[in-house]
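Peer 1: Predicted model and sequence follow; I will ask about them next.
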Amino acid sequence: MESTPLDLAIQQKKTETANLLRKHGGMTGAELDALLPLLTTELTFTAVSEVPTVYAMAQGSGTCNSADISGSFVILYGSKFNLRIVEKSDYSSVFKADTQLEGNLNGVMTVALNEDLFSTSFSITDELMAVPYVNGKWDTTKAVPVTRYKNLSFDASKKTKAAQWQSAE
């Protein structure tokens, strides 16, 4: 992980700045590395079922199908129901508007969402849940955790969708 503002404050012995950054959730690069695991093996995708699955959410890099995904958050998911990504602590949406991930029975879906769609309080380090829209309501009893990674990149030369997505150092 590259240096964070907290790393720089510590290196420059700016104790007050470091304390302020910590107070507001600042982390060192090493702490972020420990928090967000690297995607080191191919993802395994299962058939879409009654239980939604969010395989990965991460900062994107590079291009996917000729679209630049740098600065976007990539979400790989499988769900027959529409999904809303929420904070685990209070089930508040991480999006500024009522953004939903569309359900689909045809396998794993990939979306790259621009950072400006997310609320200003959102952080990739937050514990997140995916809540499905079932029988006309958002069913928190069927919510599932969102697996987060540091970074995902797309390699179109690979044959399977699982192999096309990989971690980027």
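Peer 2: Yep, that arrived.
Peer 1: Specify the residue ranges that define each domain of this protein.
Peer 2: Structural domains of the chain, as assigned by automatic domain parsing, span the residue ranges 5-35, 53-167.
Peer 1: Ranking these by mean neighbour count, which comes first?
Peer 2: When the domains of the chain are scored by mean count of other CB atoms under 10 Å, the highest mean neighbour count falls to domain 53-167 (a mean of 16). Using the backbone N, CA and C atoms, a C-beta is placed for each residue, glycine as well.
Peer 1: Distance from it to the middle of the chain?
Peer 2: 6 Å (CA atoms, centre = their mean, to the nearest Å).
Peer 1: can you tell me how far the residue positioned nearest the centre of the chain sits from T17?
Peer 2: What sits nearest the mean C-alpha location of the chain, by CA atoms, centre = their mean, is M57, with 2.7 Å. The gap separating M57 from T17 is 30 Å, by CB to CB, to the nearest Å.
Peer 1: Need the per-residue pLDDT for P37.
Peer 2: At P37 the predicted local confidence, pLDDT, stands at 47.
Peer 1: One more: the one 4 residues further on?
Peer 2: On pLDDT, T41 comes in at 41.
Peer 1: returning to that earlier point: and the one helix or strand the residue nearest to the centre of the chain maps to, what does it pack against?
Peer 2: Secondary-structure element containing M57, defined by DSSP states H and E: strand 53-61. Counting by 3 or more CB pairs under 8 Å, 6 or more residues apart in numbering; DSSP states H and E, the packing neighbours recorded for strand 53-61 are strand 72-79, strand 83-87, strand 144-154.
Peer 1: pLDDT below threshold where in the protein?
Peer 2: Counting by pLDDT under 70, the chain contains low-confidence residues at 1-2, 31-50, 65, 106-107, 159-169.
Peer 1: Now do the helices in it.
Peer 2: 5-11, 15-23, 29-35, 161-164 (DSSP state H).
Peer 1: which residues make contact with stretch 119-126 from outside it?
Peer 2: Contact partners of stretch 119-126, identified using CB atoms under 8 Å, 6 or more residues apart in numbering, comprise 25, 27, 32, 35-36, 57-59, 73, 87-88, 93-96, 148.
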